[in-house]
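Colleague: heads up, no residue letters with this:
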Ligand SMILES: CC(=O)SCCNC(=O)CCNC(=O)[C@H](O)C(C)(C)COP(=O)(O)OP(=O)(O)OC[C@H]1O[C@@H](n2cnc3c(N)ncnc32)[C@H](O)[C@@H]1OP(=O)(O)O
Ligand SMILES: O=C([O-])CC(=O)C(=O)O
């Protein structure tokens, strides 16, 4: 049995909210998901509008401060972000010592943990300190991911460029050039759409860790572990592995029906909160189609459409954000194993906003469980 196949779950009493489904555990002012109207807002702004009108840096500022920056504020923020991009020699040394065949998510997780280890202020959980640490993690992580990408291809690192925006700089550090503006824009939109999504599994993980009054690096390290799984962020990689296995549009419908007949999950479809489609998908689907137009990607668009239509017709289930980002990142030239680390680059803004919010009115997160093991018994000596 693979990890994605169904297992027979033990019976649970009706009082138990398995997987915390439908349970409201706290308030948040950072983002709001309304499945009934298919809306997602960050600090009150519809995410589709932010994706069209804002840079990723402006969205990061918004998530952390609650307001979009004015021109002076954004200039100061961008200057600080650009100044913090360089990874020091010890961090690069650590990255390059990790096995080349480990998953890049292992590298990202280790890098954040290392940033905590070398920060003498690691345990300063004041809002000022946490904002500074969040900005540093956001700024340096793309450098780490790009260094890791290039060493796997036997290439020397390209240092961050202070003249380029966040998205452009990352693409330049990976590929040695800034792609055409439509590709950069599609990439930046994906980062904005990935940045935040209320109490998803990885954000909730970050909040659980924070609730013990642990430090922000520990919260982000744990969140990365939660995001890696294929039921969460890891689905964007699984989508592309599936599309490559399908290979040709004429195989797509049969492949999907066979998968459903084996009662296997189709990666990139379904959502715990949205039951009638993910609010972010139309924007990202258009961005993927724009990338495909410029990269000879018509075959992947056809496979996308067939899977989407067949899945809806067979089950009524619609795609989530990982479905269009998978092929979009592939066509941009990223290795599949980089897709979830890119998700981390974006979501680190949301996670850290939640860490800061959790600390503003903290309560230890500790639910109850119903014991269903063997009855109490006696140790015989
Ligand atoms: C950015 C993100 O993290 S978005 C999520 C990315 N994850 C994926 O794409 C993985 C695939 N999707 C899934 O596994 C699920 O849809 C989840 C985990 C995301 C959410 O699921 P849950 O709310 O826990 O619902 P659950 O998994 O119980 O599904 C409910 C029913 O829909 C079916 N279903 C849901 N998603 C899928 C899917 N992708 N493929 C096939 N069937 C599915 C289930 O089999 C189940 O059917 P049943 O009631 O007959 O057993
Ligand atoms: O909200 C969720 O459960 C998963 C998701 O879409 C995200 O984290 O972006």
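Modeller: Cool, the structure landed. Quick caveat: nothing in here was measured; it's all calculated off a predicted structure. Ligands and ions are numbered 1, 2, ... in the order given.

Colleague: could you point out the longest helix of the chain?
Modeller: helix 127-152 (DSSP state H).

Colleague: in that helix, what's buried?
Modeller: By 16 or more other C-beta atoms under 10 Å, the buried positions in helix 127-152 come out as 129-151. In short, each C-beta sits where N, CA and C put it, glycine included.

Colleague: and stretch 76-95, by the same measure?
Modeller: Of the residues in stretch 76-95, 77, 78, 81, 82, 84, 85, 87, 91, 92, 94, 95 count as buried by neighbour count, 16+ other C-beta under 10 Å.

Colleague: which SS state does the residue of the stretch 1-150 of the chain found nearest ligand 1 fall under?
Modeller: Closest to ligand 1 within the stretch 1-150 of the chain is residue 19: 5.8 Å, counting by C-beta to the nearest ligand atom. Under DSSP: H, G, I helix; E, B strand; the rest coil, residue 19 falls in the helix class.

Colleague: what's near enough to touch it?
Modeller: With contact set as C-beta atoms under 8 Å, 6 or more residues apart in numbering, residue 19 has these partners: residue 272.

Colleague: filter the buried residues of helix 127-152 by proximity to ligand 1?
Modeller: Among the buried residues of helix 127-152, no residue is within reach of ligand 1 (C-beta under 6 Å from any ligand atom).

Colleague: and residue 157, how many neighbours?
Modeller: 18 (other C-beta atoms under 10 Å).

Colleague: ok, now the one 10 residues further on?
Modeller: Other residues within reach of residue 167, judged by other C-beta under 10 Å, total 25.

Colleague: also residue 71?
Modeller: 7.

Colleague: and the gap between residue 221 and ligand 2?
Modeller: Going from residue 221 to ligand 2 by C-beta to the nearest ligand atom, to the nearest Å gives 17 Å.

Colleague: please determine how far that residue is located from ligand 1.
Modeller: Applying C-beta to the nearest ligand atom to residue 221 and ligand 1 gives a distance of 19 Å.

Colleague: with adjacent residues omitted, what lies nearest to residue 167?
Modeller: residue 188 (3.9 Å; C-beta to C-beta, 6 or more residues apart in numbering).

Colleague: so what's whichever residue of the stretch 51-200 of the chain sits closest to ligand 1 up against?
Modeller: Nearest residue of the stretch 51-200 of the chain to ligand 1 (C-beta to the nearest ligand atom) works out as residue 200 at 6.2 Å. Counting by C-beta under 8 Å, 6+ apart, residue 200 makes contact with residue 232.

Colleague: for ligand 2, what's its nearest residue on the stretch 251-381 of the chain.
Modeller: Closest contact between the stretch 251-381 of the chain and ligand 2, by C-beta to the nearest ligand atom, is at residue 272 (4.7 Å).

Colleague: hmm, that residue is touching residue 23, no?
Modeller: No - if you go by C-beta atoms under 8 Å, residue 272 and residue 23 don't touch, sitting 11.2 Å apart.

Colleague: quick check: which element contains residue 26?
Modeller: Assigned by DSSP states H and E, residue 26 falls within no helix or strand.

Colleague: per the record, what domains does the protein have?
Modeller: According to automatic domain parsing, the chain comprises the domains 31-229+335-360, 235-331.

Colleague: and the longest one, how far apart are its ends?
Modeller: The one in question is domain 31-229+335-360. End-to-end span of domain 31-229+335-360 (C-alpha to C-alpha, to the nearest Å): 16 Å.

Colleague: repeat that for stretch 364-381.
Modeller: Start-to-end, stretch 364-381 (C-alpha to C-alpha) is 39 Å.

Colleague: how close does the residue of the stretch 1-150 of the chain closest to ligand 1 sit to residue 272?
Modeller: Distance, residue 19 to residue 272, by C-beta to C-beta, to the nearest Å: 8 Å.

Colleague: same thing with residue 294?
Modeller: 34 Å.

Colleague: what lies in contact with stretch 219-229?
Modeller: By C-beta under 8 Å, 6+ apart, stretch 219-229 touches 103, 105, 108-109, 112-113, 116, 137, 201-210, 232-234, 340, 343-344, 347-348, 351-352, 355.

Colleague: out of those, which end up buried?
Modeller: The neighbour count (16+ other C-beta under 10 Å) marks 105, 108-109, 112-113, 116, 137, 201-210, 232-234, 340, 343-344, 347-348, 351-352, 355 as buried among these.

Colleague: pick out the residue of the stretch 151-300 of the chain closest to ligand 1.
Modeller: Per C-beta to the nearest ligand atom, the residue of the stretch 151-300 of the chain with the smallest distance to ligand 1 is residue 270, at 2.2 Å.
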